[in-house]
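[1] output the structure for:
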Amino acid sequence: MVDIQQGFAEAQRALQAGDLERCSALLGELIEADPNQPAFYHLAGVTLKKQERLEQARAAFERGIALRDDIPAMHAEYASLLDDLGEGEAAVAAYDRAIALAPDLVDARIDRALVRHRHVDSMGGYRDLVDLAEVYPENARLWLNLGLTARTLGLLDKADEAVERTLALSPDAAKGLRLRAQLALDRGKPAVELFRAAHRVKPDDRDVWAGEAAALLDESRRDEVEDFLGAQLEKTPDWYHGQHMLAQIRWQSGDRDRFVAGYRAALAKHPADVRLWMDMIVAIARGLGHDQALPLYAEARAAAGDDPRFDNLEANSLTELGDYRGAGLLYERTADEAASFFRLPFIRYLLKMRDFPRAAELGMELVEQGEGSEAWPYVSIAWRMMNDPRWDWLEGDRHLWKVIDIEGLRPELPALAERLRALHRWQTHPFEQSLRNGTQTDSVLFTRTDPEIASLVGHLRGAVRDYIDGLPPADADHPVLSARRGDFRFSGSWSVRLTGSGFHVNHIHNQGVFSSALYVALPDTIGDDEENHDGWLALGEPPAEFGLNLAPLSLVKPQPGRLVLFPSIMWHGTRPFSEGERLTCAFDIAPL
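    Here you go, the predicted model:
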């Protein structure tokens, strides 16, 4: 017979030692011996969560809470699990119960504010942290998270204040040092030495490595960044983000022959790493074309074994190359996979095969799973091809996009253009982006302190405010019109410089609710009438590779100082132009 007390103590020790399998086995015996002990289910929930068996962890916590509802720590752990499951409102409610039972649970109060910030009300969660800082001014974790959330909201001055409070309380806090460095990089200020200070405190922090590399790039120290990334990847070949950064740097520098050499070196050490194979194949497909990627799938399977993700990637390559029969056979192997990684390429295949009803059905399943930012554009194509009246509800309303000429900005455009040109440091476009024959700036544009950019942001805020205020009435079911209409933030910002025959392939954005194009400088070769659309922006036109021949919903003629705003889920691209420079800024908008 199991000694309950001794067995539970041993399970706790196993958890503390990181032996999760041993802990689970002991808890299984304890629960079988006495199924009415809430502490067993509490510990089981924690253990299962660490094992990423989230639904089983949920069942354990809920059983424990049903047995005894007055254990604050169990409610707090349950809330953390609900956060991991993406159930923000339920997580807040669980934190509320923990705090009601133990009002001085400071970490639970911080975590509640963070969940609210991420999932429920971005600004509300931030304000909760501000209020907590009044009550607990000596809590370094609180100030750090206040700084992190302020940065997310674009409140960089507040983030600066918070990080300095963090470091005053905890001078060697690695995350605080990293945040200080990141804020300097955000503003376009020297940040390399700041990241190196964080690196010295926490040498194995990959986020610090990535920040140091980005800071070197921002200071145009390209040779140094290649050496730095190479050194880190030599020690840690499976640093996937670093591999992507190195490949992107080499590609944008014009090194087409060597841009995936880092992946090859890593695979020589880790030939069975599926993620390395996938990332390299995707980089080659996007940079050099799917025909160059196609021979790699057999090589990957020989080294890493059969994997459904290889099937899905190869099916996508075959689809893009027009081998629909071969693609269909591979897609059948992953037909039951519901994740967007598998479903989105399959939906693209279905659209090319003209199976619009099934494409719409699978797309709506992704919408219901909370992945609408990726799925709605494909649903829109399917509904439009089916003459489904829901398409007009989704995208046919002409008030969803707007053209705004910002007259007050025009005198500032020459100086802005010069500042932007100085930030275009590359020879070619990023391999995963939509532009062709052009370059794109690194990092976040609108947080820089350059006076030309700060003035631009001021002009844009007013224009965006007018656009949001003029949208059609709110609709709780609509992916765009359901968004909050109060404060907003720029969730991404960059500049694109296209040259002769440059264009954007039709694409969508998934980091905001609204997206944009602002014209800064234009060539004389831009089309100037309804018969010549060279360089114009096309809204609502599906990608050409689908072969659907659907006309754009609108064609917009570029003009210096002209801003175009539209839903991020709307397909958009540009017509090529013959020669000259087409310089723009673009940004995404997320409600707060």
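
[2] quick one, what contacts residue 407?
    residue 561 (C-beta atoms under 8 Å, 6 or more residues apart in numbering). To be clear about C-beta, it is placed using only N, CA and C from the backbone, and glycine gets the same treatment.

[3] pLDDT at it, what is it?
    With respect to pLDDT, residue 407 scores 97.

[4] same thing with residue 3?
    pLDDT at residue 3 comes out at 81.

[5] and it, how far from residue 492?
    Residue 3 sits 58 Å away from residue 492, taking C-beta to C-beta, to the nearest Å as the criterion.

[6] and these two? which has more neighbours close in?
    residue 492 (17 against 11; other C-beta atoms under 10 Å).

[7] which strand residues bridge that one?
    residue 588 (DSSP bridges).

[8] and the gap between it and residue 368?
    According to C-beta to C-beta, residue 492 stands 26 Å off from residue 368.

[9] isn't residue 141 up against residue 110?
    Yes: using C-beta atoms under 8 Å, residue 141 makes contact with residue 110 at a distance of 6.4 Å.

[10] which of those two has more neighbours?
    Neighbours were counted for residue 141 and for residue 110 using other C-beta under 10 Å; residue 110 has more, 22 against 17.

[11] how about residues contacting the helix or strand containing that one?
    Using DSSP states H and E, residue 110 sits within helix 106-115. Applying C-beta under 8 Å, 6+ apart, the contact partners of helix 106-115 are 72, 76, 79-80, 83, 88, 91-92, 95-96, 98-99, 102, 125-126, 128-129, 132, 136, 139, 141-142, 145, 149.

[12] hey, C-alpha coordinates of it in PDB?
    Taking C-alpha atoms only, helix 106-115 is exported to PDB below (Å, rounded to 0.1, in the frame of the first residue of the first chain):
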ATOM      1  CA  VAL A 106       1.600  40.100  -6.000                       C
ATOM      2  CA  ASP A 107       2.700  37.800  -8.800                       C
ATOM      3  CA  ALA A 108      -0.800  36.700  -9.500                       C
ATOM      4  CA  ARG A 109      -1.800  40.400  -9.700                       C
ATOM      5  CA  ILE A 110       1.000  41.000 -12.200                       C
ATOM      6  CA  ASP A 111       0.100  37.900 -14.200                       C
ATOM      7  CA  ARG A 112      -3.600  38.900 -14.300                       C
ATOM      8  CA  ALA A 113      -2.600  42.300 -15.700                       C
ATOM      9  CA  LEU A 114      -0.400  40.600 -18.300                       C
ATOM     10  CA  VAL A 115      -3.100  38.200 -19.400                       C
END
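
[13] what comes up buried for it?
    Residues 106, 108-115 are the ones in helix 106-115 that count as buried (16 or more other C-beta atoms under 10 Å).

[14] which PyMOL command selects the buried ones in the contacts of helix 106-115?
    To isolate the buried ones among those in PyMOL, judged by 16+ other C-beta under 10 Å, type:
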select buried, resi 72+76+79+80+83+88+91+92+95+98+99+125+126+128+129+132+139+141+142+145+149
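
[15] distance from stretch 132-140 to the middle of the chain?
    Relative to its chain's centre, stretch 132-140 lies at 31 Å (C-alpha atoms, centre = their mean, to the nearest Å).

[16] pull the residues that contact it.
    With C-beta under 8 Å, 6+ apart, stretch 132-140 has contacts from 106, 109-110, 113, 142-143, 146, 165-166, 169-170, 173, 176.

[17] with just CA atoms, put that stretch into PDB.
    The C-alpha coordinates for stretch 132-140 follow below in PDB (Å, rounded to 0.1, in the frame of the first residue of the first chain):
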ATOM      1  CA  LEU A 132       0.100  48.100  -9.100                       C
ATOM      2  CA  ALA A 133       3.300  50.000  -9.300                       C
ATOM      3  CA  GLU A 134       1.800  52.700  -7.100                       C
ATOM      4  CA  VAL A 135       1.200  50.000  -4.400                       C
ATOM      5  CA  TYR A 136       4.300  47.900  -4.900                       C
ATOM      6  CA  PRO A 137       7.000  50.400  -6.000                       C
ATOM      7  CA  GLU A 138       9.900  48.100  -4.900                       C
ATOM      8  CA  ASN A 139       8.900  45.100  -7.100                       C
ATOM      9  CA  ALA A 140      11.400  44.700  -9.900                       C
END
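
[18] is it correct that residue 430 is in contact with residue 250?
    No: Residue 430 is beyond contact range of residue 250, at 11.7 Å (criterion: C-beta under 8 Å).

[19] give me the distance from the lengthiest helix in the chain to the chain's centre.
    The longest helix of the chain (DSSP state H) is helix 451-469. In terms of C-alpha atoms, centre = their mean, the centre of helix 451-469 is found 24 Å from the chain centre.

[20] quick one: low-confidence residue ranges for this structure.
    For the chain, the stretches flagged by pLDDT under 70 are 1-2.

[21] and the residue nearest the centre of it?
    For the chain, residue 511 is the residue whose C-alpha lies nearest the centre (C-alpha atoms, centre = their mean; 6.2 Å).

[22] hey, where'd the helices end up in the stretch 301-450 of the chain?
    308-320, 324-333, 340-352, 356-368, 372-385, 389-391, 413-423 (DSSP state H, counting those that start in this stretch).

[23] so can I have a markdown table of those helices showing mean neighbour count and distance to residue 235?
    What follows is those, written out as a markdown table (neighbours: other C-beta atoms under 10 Å; distance: least, C-beta to C-beta, whole Å):
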| stretch | mean neighbour count | distance to residue 235 |
| --- | --- | --- |
| helix 308-320 | 22 | 26 |
| helix 324-333 | 16 | 36 |
| helix 340-352 | 21 | 29 |
| helix 356-368 | 19 | 38 |
| helix 372-385 | 23 | 35 |
| helix 389-391 | 14 | 52 |
| helix 413-423 | 17 | 31 |
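
[24] the strands in the stretch 51-200 of the chain, which residues?
    For the stretch 51-200 of the chain, no strands are identified by DSSP state E, counting those that start in this stretch.

[25] got the residue ranges for the helices in it?
    Using DSSP H, counting those that start in this stretch, helices in the stretch 51-200 of the chain cover 54-67, 72-84, 88-101, 106-115, 122-135, 140-152, 156-169, 174-186, 192-201.

[26] wait, which of those helices is closest to residue 326?
    Residue 326 lies closest to helix 54-67 among those, at 36.0 Å (C-beta to C-beta).

[27] next, the angle from the closest one to helix 88-101.
    Helix 54-67 runs at 40 degrees relative to helix 88-101, counting by axes from the mean of the first three to the mean of the last three C-alpha atoms, to 10 degrees.

[28] relative orientation of helix 54-67 and helix 72-84 in degrees?
    150 degrees.

[29] would you mark the buried spots in helix 54-67?
    Per 16+ other C-beta under 10 Å, helix 54-67 contains these buried residues: 56-58, 60-61, 63-65, 67.

[30] kindly reformat those as JSON lines containing distance to residue 567.
    Formatted as JSON lines, the buried residues of helix 54-67 follow (distance: C-beta to C-beta, whole Å):
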{"residue": "56", "distance to residue 567": "39"}
{"residue": "57", "distance to residue 567": "37"}
{"residue": "58", "distance to residue 567": "35"}
{"residue": "60", "distance to residue 567": "42"}
{"residue": "61", "distance to residue 567": "39"}
{"residue": "63", "distance to residue 567": "44"}
{"residue": "64", "distance to residue 567": "44"}
{"residue": "65", "distance to residue 567": "41"}
{"residue": "67", "distance to residue 567": "48"}
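
[31] which one of the residues you listed is nearest to residue 394?
    The closest of those to residue 394 turns out to be residue 58 (C-beta to C-beta; 33.7 Å).

[32] residues contacting the closest residue to the closest one other than its chain neighbours?
    Nearest residue to residue 58, sequence neighbours excluded (C-beta to C-beta, 6 or more residues apart in numbering): residue 81, at 6.1 Å. The contact partners of residue 81, by C-beta under 8 Å, 6+ apart, come to 45, 49, 54, 57-58, 61.

[33] apply 10 Å and report the result again.
    Shown in contact with residue 81 (C-beta atoms under 10 Å, 6 or more residues apart in numbering): 45-46, 48-49, 54-55, 57-58, 60-62, 87, 90-91, 94.

[34] and if you look at residue 130?
    Contact analysis of residue 130 by C-beta under 10 Å, 6+ apart lists 113, 142, 146, 149-150, 158, 162.
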